[in-house]
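Student: okay, sequence plus prediction incoming.
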Amino acid sequence: MHIEYETTLDEIADAHLRIATRSKLAKRTRWQATFWGALYTGIILFMCLTLLGAALPERFIVVGIGITVGAGGYWMNYRRSMKRRMMEYLRERMPSDCPLHFVAELREDCIWTKQGGTQLSFDWTNVAEIADAGDAIEFRMRDGGFVIVRNKGFATEENRREFMEFANQRLNGTARKFAVL
């Protein structure tokens, strides 16, 4: 089965973020950054309130509120911040002639893709999971690779369903799981 469409820099950044934010390292780093950011916010607030001569109970109340707001603000802005940094990185690395033509082909022995001047193939034995993400079909690989086929590549919902069925048939008998995100 063969799918082709034009992909944008924004979609490429989104694809990288989907995979990166699911890693255990990324999750641990996010929690650590939240903890340290909230702690530093609390220390700075406590020191400022001490210099201003605030009473001890008031300092702790304001510090508690500051820590909560600091941690919440970080969590709310995390994805936007990561996407902004990913976009900057991709603009630096990618050719200026975006959108790029993307091709995905499900073959008997592999998933083959071509984007720009790069061709990749992933053996079916390397596919850890096929996931329906709503706006795309995601192929997650055991070695950390991924392929994301956006819905805009399918002419109809029937084509999308056939693509998913073909992919699942390639994994037939392999105890892989199909997930809905």
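Tutor: Perfect, thanks for sending it.
Student: break down this protein into its helices, ranges please.
Tutor: Shown for the chain, the helices assigned by DSSP state H span residues 9-20, 24-51, 56-93, 157-170.
Student: farthest residue from the center of the protein?
Tutor: Most distant from the centre of the chain: Gly53, at 45.8 Å, with distances by CA atoms, centre = their mean.
Student: return the backbone torsion pair for it.
Tutor: When read as degrees, to the nearest 10, the backbone of Gly53 gives phi 80, psi 20.
Student: wait, what's in contact with Thr8?
Tutor: Cys98, Pro99 (CB atoms under 8 Å, 6 or more residues apart in numbering). (Each C-beta comes from the backbone N, C-alpha and C, glycine too.)
Student: check it and give its pLDDT.
Tutor: Predicted confidence (pLDDT) for Thr8: 86.
Student: can you report phi and psi for it?
Tutor: Per-residue torsions, Thr8: phi -100, psi 170 (degrees, to the nearest 10).
Student: what residue ranges in the chain score low on pLDDT?
Tutor: 95-97, 172-181 (pLDDT under 70).
Student: what residues go with each domain of it?
Tutor: Following automatic domain parsing, one gets these domains for the chain: 2-8+98-180, 11-93.
Student: re the thing from before, which stretch among the helices of the chain comes nearest Ile111?
Tutor: Shortest separation from Ile111 across the helices of the chain is recorded for helix 157-170, at 7.8 Å, computed as CB to CB.
Student: list the buried residues of the closest one.
Tutor: Of all the residues in helix 157-170, those buried under the rule 16 or more other CB atoms under 10 Å are Arg160, Phe163, Met164, Ala167, Arg170.
Student: with stretch 63-78 instead?
Tutor: Val63, Gly66, Ile67, Gly70, Ala71, Tyr74.
Student: can you tell me how far the last one is from Gln32?
Tutor: If I follow you right, that is Tyr74. Note on Tyr74: its distance to Gln32, by CB to CB, to the nearest Å, is 11 Å.
Student: the second one too?
Tutor: In this structure, Gly66 lies at 19 Å from Gln32, with CB to CB as the measure.
Student: distance of Glu138 from Glu88?
Tutor: According to CB to CB, Glu138 and Glu88 sit 24 Å apart.
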